[in-house]
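Asks: Quick one: sequence and predicted model below, then my questions.
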Amino acid sequence: MSFFEASFCKYVADLKLGMSEKSVFHEFHPDAEDLFNVTCDLKLVCEKLRDRNQRHKRQVCVAKL
């Protein structure tokens with residue numbers, strides 16, 4: 001987790017408004033939490049999900065053994 005992301009989480013927690021990161025992600029974009037959980041990159045989430053009406057395409061990775 002980058003300094004920016006840690007600061008964001010601390011900022012939301014310090015607001016004490018009863019909002020969690022999950023609430024913020026949901027208000028920003030329906031796919032924001034999922035993308036953040038995969039990438040752990042808040043900047044990437046903000047850049048890729050600028051348009052709330054455009055859904056993020058999930059990529060399925062298949063491992064061949």
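Replies: Noted; the coordinates are in hand.

Asks: What's the end-to-end length of stretch 47-55?
Replies: Its first and final residues considered, stretch 47-55 spans 13 Å by CA to CA, to the nearest Å.

Asks: Quick one: list the elements packing against the strand or helix carrying residue 43.
Replies: If you go by DSSP states H and E, residue 43 is part of helix 42-48. Applying 3 or more CB pairs under 8 Å, 6 or more residues apart in numbering; DSSP states H and E, we find helix 42-48 packed against helix 3-15, helix 21-28, helix 32-39. Quick note: C-beta positions are derived from backbone N, CA and C, even for glycine.

Asks: between those, which gets the lowest average pLDDT?
Replies: Per-stretch mean pLDDT for the helices and strands packed on helix 42-48 is lowest at helix 3-15 (a mean of 68).

Asks: ok, the closest residue to residue 52 other than its chain neighbours - contacts?
Replies: Spatial nearest neighbour of residue 52, chain neighbours left out: residue 29 (5.2 Å); criterion: CB to CB, 6 or more residues apart in numbering. Going by CB atoms under 8 Å, 6 or more residues apart in numbering, residue 29 touches 45, 49, 52, 56.

Asks: out of those residues, which are buried?
Replies: Buried by 16 or more other CB atoms under 10 Å: 45, 49, out of the contacts of residue 29.

Asks: quick one: which two of the contacts of residue 29 are the most distant?
Replies: 45 and 52 (12.4 Å; CB to CB).

Asks: what sits in contact with each of the two?
Replies: Common neighbours of residue 45 and residue 52, using CB under 8 Å, 6+ apart, are 28, 29.

Asks: And residue 28, how far from residue 38?
Replies: Separation of residue 28 from residue 38 (CB to CB, to the nearest Å) stands at 16 Å.
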